[in-house]
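> mind looking at a prediction? Sequence and model below.
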2 protein chains.
Amino acid sequence: MKHLVITLILGLTTWLLSAQQDLFNENPIVSPQVNTDNTVTFRIKAPDAKSVSVSGSLDAEKAFAPITYEMQKGDDGVWSYTTPVLPSEFYRYHFTIDGARTTDPGNAFAIRDVGNLSSVFVIGGGQAELYKVQNVPHGTIAYRWYDSPGNNKMRRLTVYTPAGYEKSTEKYPVLYLLHGVGGDEEAWTGSGRAAEILDNLIAQKKAKPMIVVMTNGNVSQEAAPGKGSDGFVKPTFMLPHTMDGKFEETFIDVMKFIEGNYRTTETKEGRAIAGLSMGGFHTANISMYYPNTFDYIGLFSSALGVRPGGNNATSPVYQNQDEKLKGQMENGYKLYWMGMGVDDMPMIYDGNKDFRKKMDDIGMKYEYLETEGGHTWNNWRNYLSIFAQELFK
Amino acid sequence: MKHLVITLILGLTTWLLSAQQDLFNENPIVSPQVNTDNTVTFRIKAPDAKSVSVSGSLDAEKAFAPITYEMQKGDDGVWSYTTPVLPSEFYRYHFTIDGARTTDPGNAFAIRDVGNLSSVFVIGGGQAELYKVQNVPHGTIAYRWYDSPGNNKMRRLTVYTPAGYEKSTEKYPVLYLLHGVGGDEEAWTGSGRAAEILDNLIAQKKAKPMIVVMTNGNVSQEAAPGKGSDGFVKPTFMLPHTMDGKFEETFIDVMKFIEGNYRTTETKEGRAIAGLSMGGFHTANISMYYPNTFDYIGLFSSALGVRPGGNNATSPVYQNQDEKLKGQMENGYKLYWMGMGVDDMPMIYDGNKDFRKKMDDIGMKYEYLETEGGHTWNNWRNYLSIFAQELFK
């Protein structure tokens, strides 16, 4: 047995290294290496390079501000750098080799955010324990296509169903979870770690079992770049019709699909909606536009300031928003939650301040959490972890 | 409206370029660029690099043999290379910058195969039309966890259900589709393009609607690297217990889960099993070990030669395989299909030859297709495209 396996490995290794398929070609460099003291060592073999650096939100002091460290070349042609002690987080980073941005070739794990691939790693022991796959019951992640007559196309979305959903006969509440500008239906399961957060909170009985629906808010797209019939198009930051009311108007198609295809409560008490940045803007609008539909509203670093009141748009979504907001207040809801990083973009920070003032003026209740840092996934993962615990209770 | 969007873009751009989250930072380089004549131009900005090359199965003449092209530096610091005319295929490639292997920073799309990330693109107009997302009804891809008592753990698998499954009340046939050594439950939906192939063949009415179950054949793992509770472990080529019978013995756990959780025919006529390389070895064994269970068997570049007859292993799977094979023949089946690249590894090519001789000697029927090329995803995608059309008819 052992003999045969060794023969197999030797045979395949010899052959594959010189053969047709780039299957093997194992990179012997260990990178990143999370050390026991939570410093991290990055390494890359680039014997002929003149300069190599590592960039990411790797600053221990400044609330995950982006930083670039020059790496040092060893005699073996391996460049390396060891960071300061880093807090527990889910990290993204990239290398720059002689002026070219790249992923870490020693790290098999990368995430696309808009048009860039970044390598990733996690430091546990704190907040990021929620972001790790733990040995707990796991929900299902499904990529499904739904009919959106309002957009005249089939569109893709991501559905998280909690562990036990398939074998249960119960009806479940639903959280609609929206991405930011440049994102898509894969953002929350990628950088957002939504499946891990929900698995872990539900296993700890800190969150109720719920369905989480992650849509694509760019109505000009069928699906995330590379997943639709437009092929491997270069992702772009701002697409047409992402902030002109069309997504909000056609959100009914998403809800119809979910409530027609999943065992949901189909009640206001069983519906939550939240989003980050542009998704927070969509959330505020949708929760006003569909009266008496959502009992839980979450605005994470919501892009409210970029289109104050929506009064320049022609979509019915943006008409009479003051009245709509008042209607939302009068109809009632259980939680209107807002999270904001103190270092966020001034336009967004102030837009939220104005929106809160508007709510204060009419006596509309909300919870507001201001955290360190800015417009970052670190904050959005944290906000989801907090918001999810408040739902459906 | 237009004014607001421009304000937004300018505001966000200025801010994000200097800000906390690496969301924007759009790479203006176009790479890869598939030209109208099906040559491909690669570009990378690396102003300080001494040498940059592009590697992949980019040889138009030699049946997708791997090849490295040196790129040329322009005055603007952008290195480029244009390939010969390439046939219609799904391609993977990487750059080497001053000795370091990297993905293409201009290309947002990459696939992990074992421990390496490669950038990808597609050239349509031929075979690869099957590998593209087309404007046809799409099935659902779900990543689910099933209980495997035989391995004493929860394990992850990928399930493709064809368009219309969820709203139907009919029972569907099932194809179990197994990966090769170093692969996992994400291999067939990644490099294998299985969802696209099935969507397209079903839409063209060339294949019957079927459920496709893509397992993880490494029983020491819960899940693909990065998707289990062992975290972001470095993927390795050969794991313990991948070829000692344990996967085959515990395959019953997979079938029980699928038939207990999906509307399947639960008949021999409605069960197919196929796999590539190690997965072909698993397929041959499983189809012998579970008598009268599968009517369709597919061996794609099957790793039969690496453990001839299994007579040195202690698992019951490997005992009396000659008898088991005879039993399989006597019980009958509709199709035993084998595909093999003429340039495959000699051990594997000859192992298949020996196996076919054994079948010939006892009068056991099979279909055998020998194609150009070797042990490559190009062949496996093609074999799946052919095999899927023969099923459940």
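Received, thanks.
> what's the neighbour count on residue A:368?
14 (other C-beta atoms under 10 Å in any protein chain shown). No exception for glycine: its C-beta is placed from N, CA and C like everyone else's.
> before we move on, what about residue A:250?
Counted with other C-beta under 10 Å, the neighbours of residue A:250 add up to 16.
> quick check on it: phi, psi?
The phi and psi torsions at residue A:250 (degrees, to the nearest 10) take the values phi -100, psi 10.
> from chain B, how far off is the closest residue to it other than its chain neighbours?
Distance criterion C-beta to C-beta, 6 or more residues apart in numbering or on different chains; nearest residue to residue A:250, sequence neighbours excluded, is residue A:150 at 3.2 Å. Relative to chain B, residue A:150 is positioned 18 Å away (C-beta to the nearest C-beta, to the nearest Å).
> next one, pLDDT for residue A:354 please.
Confidence at residue A:354, expressed as pLDDT, is 95.
> surely it is in a helix?
Yes. Counting by DSSP: H, G, I helix; E, B strand; the rest coil, residue A:354 falls inside a helix.
> isn't the residue nearest to residue A:250 right up against residue A:249?
Yes. Under the criterion of C-beta atoms under 8 Å, residue A:150 makes contact with residue A:249 at 6.2 Å.
> the residue nearest to residue A:250 in helix, strand or coil?
helix.
> so what's the residue count around it?
Around residue A:150 sit 16 other residues, with neighbours defined as other C-beta under 10 Å.
> need the contact list for it.
The contact partners of residue A:150, taken as C-beta atoms under 8 Å, 6 or more residues apart in numbering or on different chains, are A:246, A:249, A:250, A:252, A:253.
> which among the residues you listed gets closest to chain B?
Taking C-beta to the nearest C-beta as the measure, residue A:246 is the one of the contacts of residue A:150 closest to chain B, at 11.8 Å.
> contacting residues around that closest one?
In this structure, residue A:246 makes contact with A:150, A:151, A:219, A:315, judged by C-beta under 8 Å, 6+ apart.
> which residues does the second one contact?
Right, residue A:151. By C-beta under 8 Å, 6+ apart, the residues touching residue A:151 are A:219, A:246, A:250, A:253.
> count the neighbours of the first one for me.
By other C-beta under 10 Å, 24 other residues sit near residue A:219.
> so it sits against residue A:250, correct?
Yes. Checked against C-beta under 8 Å, the pair residue A:219 and residue A:250 is within contact range at 6.4 Å.
> so for the two, which residues contact both of them?
Shared contacts of residue A:219 and residue A:250, defined by C-beta under 8 Å, 6+ apart, are found at A:148, A:151.
> and the strands in the stretch 51-200 of chain A?
In the stretch 51-200 of chain A, the strands defined using DSSP state E, counting those that start in this stretch lie at A:52-56, A:67-70, A:72-73, A:78-82, A:89-97, A:100-102, A:110-113, A:116-123, A:140-148, A:153-161, A:174-178.
> then the stretch 251-393 of chain A?
With DSSP E, counting those that start in this stretch applied, the stretch 251-393 of chain A shows strands at A:271-276, A:296-300, A:335-341, A:367-371, listed in chain order.
> what does the longest one contact?
Defining contact as C-beta under 8 Å, 6+ apart, one finds that strand A:335-341 is touched by A:274, A:295-302, A:348-349, A:352, A:356, A:359, A:364-376, A:379, A:382-383, A:386-387, A:390-391, B:20.
> that one vs strand A:367-371, what angle?
In terms of direction (axes from the mean of the first three to the mean of the last three C-alpha atoms, to 10 degrees), strand A:335-341 departs from strand A:367-371 by 20 degrees.
> give the buried residues for stretch A:48-56.
Neighbour counts using 16 or more other C-beta atoms under 10 Å in any protein chain shown place A:49, A:52, A:53, A:54, A:55, A:56 of stretch A:48-56 among the buried residues.
> ok, the residues you listed vs chain B, which is closest?
Scanning those for proximity to chain B, where the rule is C-beta to the nearest C-beta, the winner is residue A:49, at 4.0 Å.
> for that closest one, what are its contacts?
For residue A:49, the contacting residues are A:73, A:79, A:97, A:98, B:49, B:97, B:98, B:99, B:100, taking C-beta under 8 Å, 6+ apart as the criterion.
> format the residues you listed as JSON lines; extra columns: distance to residue A:144 and pLDDT.
Written out in JSON lines, the entries for the contacts of residue A:49 read as follows (distance: C-beta to C-beta, whole Å; pLDDT from 0 to 100):
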{"residue": "A:73", "distance to residue A:144": "49", "pLDDT": "97"}
{"residue": "A:79", "distance to residue A:144": "44", "pLDDT": "97"}
{"residue": "A:97", "distance to residue A:144": "39", "pLDDT": "95"}
{"residue": "A:98", "distance to residue A:144": "43", "pLDDT": "93"}
{"residue": "B:49", "distance to residue A:144": "43", "pLDDT": "94"}
{"residue": "B:97", "distance to residue A:144": "39", "pLDDT": "95"}
{"residue": "B:98", "distance to residue A:144": "44", "pLDDT": "93"}
{"residue": "B:99", "distance to residue A:144": "44", "pLDDT": "91"}
{"residue": "B:100", "distance to residue A:144": "39", "pLDDT": "93"}
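> output those residues as CSV; include the columns distance to residue B:257.
Compiled in CSV, the contacts of residue A:49 are given as follows (distance: C-beta to C-beta, whole Å):
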residue, distance to residue B:257
A:73, 51
A:79, 46
A:97, 45
A:98, 50
B:49, 50
B:97, 45
B:98, 49
B:99, 46
B:100, 43
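> pick the one among these closest to residue A:61.
Taking C-beta to C-beta as the measure, residue A:61 sits nearest to residue A:79 out of the contacts of residue A:49, at 24.2 Å.
> residue contacts, that closest one?
When contacts are counted by C-beta under 8 Å, 6+ apart, residue A:79 touches A:43, A:44, A:45, A:46, A:49, A:52, A:71, A:72, A:73.
> which of these count as buried?
A:43, A:44, A:45, A:46, A:49, A:52, A:71, A:73.
> and the second one, which of the three is it?
Secondary structure of residue A:44, reduced to three states by three-state DSSP: strand.
> was I right about it contacting residue A:107?
No. With contacts defined as C-beta under 8 Å, residue A:44 does not count as touching residue A:107, sitting 9.7 Å away.
> name the residues contacting each of the two.
Listed contacts common to residue A:44 and residue A:107 are residue A:31; contacts here mean C-beta under 8 Å, 6+ apart.
> quick revisit: and the contacts of residue A:246, which two are the farthest apart?
The most widely separated members of those, counting by C-beta to C-beta, are A:151 and A:315 (13.6 Å).
> so what's the closest residue to chain B within the stretch 101-250 of chain A up against?
With distances taken as C-beta to the nearest C-beta, the stretch 101-250 of chain A approaches chain B most closely at residue A:102, which sits 3.6 Å away. For residue A:102, the contacting residues are A:94, A:95, A:96, B:95, B:97, B:100, B:102, B:103, B:105, by C-beta under 8 Å, 6+ apart.
> find the nearest non-adjacent residue to the last one, please.
Once its chain neighbours are removed from consideration, residue B:105 has its nearest residue in residue A:101; the separation is 4.6 Å (C-beta to C-beta, 6+ apart).
> just to revisit the earlier point, need the strands of the stretch 251-393 of chain A in JSON lines (columns: distance to residue B:332 and mean pLDDT).
As requested, these are exported to JSON lines (distance: least, C-beta to C-beta, whole Å; pLDDT from 0 to 100):
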{"stretch": "strand A:271-276", "distance to residue B:332": "54", "mean pLDDT": "98"}
{"stretch": "strand A:296-300", "distance to residue B:332": "58", "mean pLDDT": "98"}
{"stretch": "strand A:335-341", "distance to residue B:332": "62", "mean pLDDT": "97"}
{"stretch": "strand A:367-371", "distance to residue B:332": "66", "mean pLDDT": "97"}
